[in-house]
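> from the sequence below, what's the structure:
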Amino acid sequence: RVAAGSIPFVLFGLIAFLWGRHVARHFIFPLLLIYFAIPLPGLIQATNGLQVIATQIAYHVSSLCGADIIAAGTNIQSVDGKWDALEIAEGCSGVRSLIALTFIATVYGYLTQDRLWKQVVLISVSIPLAILANSIRVTTIVLITEYWNAEFAAKTYHNFSGFIFFPLGLSGLLLCGFLINGGWKRERQTTTSRMIQSGNEDN
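Numbers count the residues shown, from 1 in each chain. Down below sits the predicted model:
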């Protein structure tokens, strides 16, 4: 990891050597994005924690929806045993969507926000958004298993549901970006100004 972490610095130095620092400074942000491709220390422990969070949220929400289930560790199973236990494995922990959404939030904030604190807010919000979207995904798998078709839920729906709920996290990220820029307030002000202008023209 230390060797991989030096790659952005080596590339920055190479660019600065060939074309000068005034050119190299424009590559600082793109080079920093390389760190998203480097496995973080403690990632396995974080994955286990995300598995437990997704399991507990799916269990409690499904129970509120009337599902007769029990949770043990990262497994959810039917009380009467009418379908096989669902294991919330590492692939269902949401760590991949979390990293992907954080990456998108970083790029989106850098390109669209004019203040550092806004960029930090977007990156911070992307973490709970990714966890929430994945937890809802796992919950829907449990509910479909309980109330409809266990085989469909565990295979077909499980494999393709990510395409449904990852855009949900993206939508939340875009909404957050809209709000921190005062989108609604700005729209209200624009609407009010247009009404006043229209009234003045009528007079």
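
> can you tell me the SS state at residue 39?
What DSSP: H, G, I helix; E, B strand; the rest coil gives for residue 39 is coil.

> is it true that it touches residue 5?
No - using CB atoms under 8 Å, residue 39 is not in contact with residue 5; the gap is 10.9 Å. From N, CA and C alone the C-beta is placed, and that goes for glycine too.

> how about the residue nearest the centre of the chain, phi and psi?
Centroid check for the chain by CA atoms, centre = their mean gives residue 130 as the closest residue, at 2.9 Å. Per-residue torsions, residue 130: phi -70, psi -40 (degrees, to the nearest 10).

> residues in contact with it?
For residue 130, the contact set (CB atoms under 8 Å, 6 or more residues apart in numbering) comprises 94, 97-98, 100-102, 169.

> just grab the bridge partners of residue 77 for me.
Bridge pairing for residue 77 (DSSP bridges) gives the partners residue 70.

> burial count for it?
18 (other CB atoms under 10 Å).

> next, the nearest residue to residue 93 once chain neighbours are set aside: secondary structure please.
Excluding the flanking residues, the one nearest residue 93 by CB to CB, 6 or more residues apart in numbering is residue 50, at 4.0 Å. Recorded secondary structure, residue 50: helix (three-state DSSP).

> and the residue nearest to the centre of the chain, how far is that from residue 123?
11 Å (CB to CB, to the nearest Å).

> shared neighbours of those two, anything?
Shared contacts of residue 130 and residue 123 (CB under 8 Å, 6+ apart): residue 102.

> pull the CA atoms of the helix or strand hosting residue 98 into PDB?
Residue 98 is part of helix 95-112, with elements assigned from DSSP states H and E. Extracted in PDB, the C-alpha atoms of helix 95-112 (Å, rounded to 0.1, in the frame of the first residue of the first chain):
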ATOM      1  CA  VAL A  95     -18.800  -1.600   0.500                       C
ATOM      2  CA  ARG A  96     -18.500  -1.600  -3.300                       C
ATOM      3  CA  SER A  97     -21.400   0.800  -3.800                       C
ATOM      4  CA  LEU A  98     -20.000   2.900  -0.900                       C
ATOM      5  CA  ILE A  99     -16.600   3.300  -2.500                       C
ATOM      6  CA  ALA A 100     -18.200   4.000  -5.900                       C
ATOM      7  CA  LEU A 101     -20.700   6.600  -4.600                       C
ATOM      8  CA  THR A 102     -17.900   8.300  -2.600                       C
ATOM      9  CA  PHE A 103     -15.800   8.400  -5.700                       C
ATOM     10  CA  ILE A 104     -18.700  10.000  -7.700                       C
ATOM     11  CA  ALA A 105     -19.400  12.400  -4.900                       C
ATOM     12  CA  THR A 106     -15.800  13.500  -4.900                       C
ATOM     13  CA  VAL A 107     -15.700  14.200  -8.600                       C
ATOM     14  CA  TYR A 108     -19.200  15.700  -8.600                       C
ATOM     15  CA  GLY A 109     -18.300  18.000  -5.700                       C
ATOM     16  CA  TYR A 110     -15.000  19.100  -7.300                       C
ATOM     17  CA  LEU A 111     -16.700  19.900 -10.700                       C
ATOM     18  CA  THR A 112     -19.800  21.600  -9.400                       C
END
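
> I am finished for the moment; much appreciated.
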